[in-house]
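Enquirer: Model the structure of this input:
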Amino acid sequence: MRPCAVPVLMYHAVAVAPAPAVRALSVPPEAFAAQLAVLAEGGFTPLTTAGLAAAWRAGGPLPERPVLITFDDGYEGVYRHALPLLARHGFPATLFVTTGWLRGPHDTGGAPDTMLDWDQVRELAAAGVEIGGHSHGHPPLDDLGDERLRHEVLRCKEIIAEETGAPPESFAYPYGHSGRRVRRTVRGAGFRQALAVGNALADRRQGPYALARMTVRRDTGIEEFARIVEGRGVLRAFARDRVLTKGYAVVRRTRQAVRLCTPGD
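Expert: Numbers count the residues shown, from 1 in each chain. Predicted coordinates for the structure are as follows:
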């Protein structure tokens, strides 16, 4: 692994029986426990997203074998299954919540599985989990017009600040999609760093608003997991993802061109 590279792990649901819509991106609790054991036995030091970005901004040294554990969307299993396992090791993590999907007064419907409620989010925050933003309704942000893009980012930030008492510092792009306009909007909303996907190691040279993550899925075996956190075989492990990402990028660029040419957006 390059000295300046950091593995940033992207999880979604941690669940025994996830809904079909999230099954492929879910991890069984026993698999998550085994993966945390790999990190502990390997001498890794988990950080929050804000912690890593602050260290890179200051130019100071990172701890021994840094790693980030992140969760997207806000599935209830993060509280029920992941939190006790993280606490057992004393590991911090970052949870990026889609505020319109969480159970409670801001719920707009459409969540793909059982989600956290705000009491659980506050308990996670009190236990050392950084709460970050992941938009309000989870659309591909680079497909949106400017007004709705600002709404998705700012509404998410406002709700998190209202419900937790602290404005979020970190953001994760839904589906990993951004682009200059989206990154500029996220920065303008006051977020200090943001994560994409990329399925590569994070590197300071990527910039604070385009840090890469690596997807952990239900079919990620423990040997493959051990390799990618060590920075070995990352290109091979995510080769199929890169092909799909390139193909979808063409579709997204076409959509954006149509949007820019459509009056009244």
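Enquirer: mind listing what Val182 touches?
Expert: Applying Cβ atoms under 8 Å, 6 or more residues apart in numbering to Val182 gives the contacts Leu141, Asp142, Leu149, Tyr173. No exception for glycine: its C-beta is placed from N, CA and C like everyone else's.
Enquirer: Give me the local confidence score for it.
Expert: For Val182, the model assigns a pLDDT of 98.
Enquirer: Report whether it is found in a strand, as I expect.
Expert: No. Under DSSP: H, G, I helix; E, B strand; the rest coil, Val182 falls outside any strand and is assigned helix.
Enquirer: Could you check how far it is from Asp113?
Expert: Here the criterion is Cβ to Cβ, to the nearest Å. By it, Val182 lies 26 Å from Asp113.
Enquirer: ok, which stretches of this structure are strands?
Expert: Using DSSP state E, the strands of the chain run over residues 5-6, 8-11, 45-47, 66-73, 93-97, 129-133, 170-172, 193-198, 202-203, 211-215.
Enquirer: quick one: low-confidence ranges for this protein?
Expert: Scanning the chain with the threshold set as pLDDT under 70 gives 1-3, 242-265.
Enquirer: hey, where'd the helices end up in it?
Expert: 29-41, 49-58, 77, 83-89, 118-126, 146-164, 180-188, 222-229, 234-237, 239-260 (DSSP state H).
Enquirer: Show me the one of those that comes nearest Gly207.
Expert: helix 180-188 (8.4 Å; Cβ to Cβ).
Enquirer: Write the PyMOL selection for whichever of the contacts of Val182 are buried.
Expert: The PyMOL selection below is limited to those of these classed as buried (16 or more other Cβ atoms under 10 Å):
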select buried, resi 141+142+149+173
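Enquirer: now the contacts of Val182 in CSV, with distance to Gly190?
Expert: CSV is the format used below for the contacts of Val182 (distance: Cβ to Cβ, whole Å):
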residue, distance to Gly190
Leu141, 16
Asp142, 20
Leu149, 15
Tyr173, 16
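Enquirer: And the contacts of Val182, which two are furthest apart?
Expert: Taking Cβ to Cβ, the two most distant members of those are Leu149 and Tyr173; they sit 11.2 Å apart.
Enquirer: most tightly surrounded among the helices of the chain?
Expert: A comparison of the helices of the chain by mean neighbour count, using mean count of other Cβ atoms under 10 Å, puts helix 77 on top with a mean of 27.
Enquirer: So which elements touch it?
Expert: Applying 3 or more Cβ pairs under 8 Å, 6 or more residues apart in numbering; DSSP states H and E, we find helix 77 packed against no helix or strand.
Enquirer: Make 872 the first number, not 1, from now on.
Expert: Got it, the first residue is 872 from now on, which makes the last one we talked about helix 948.
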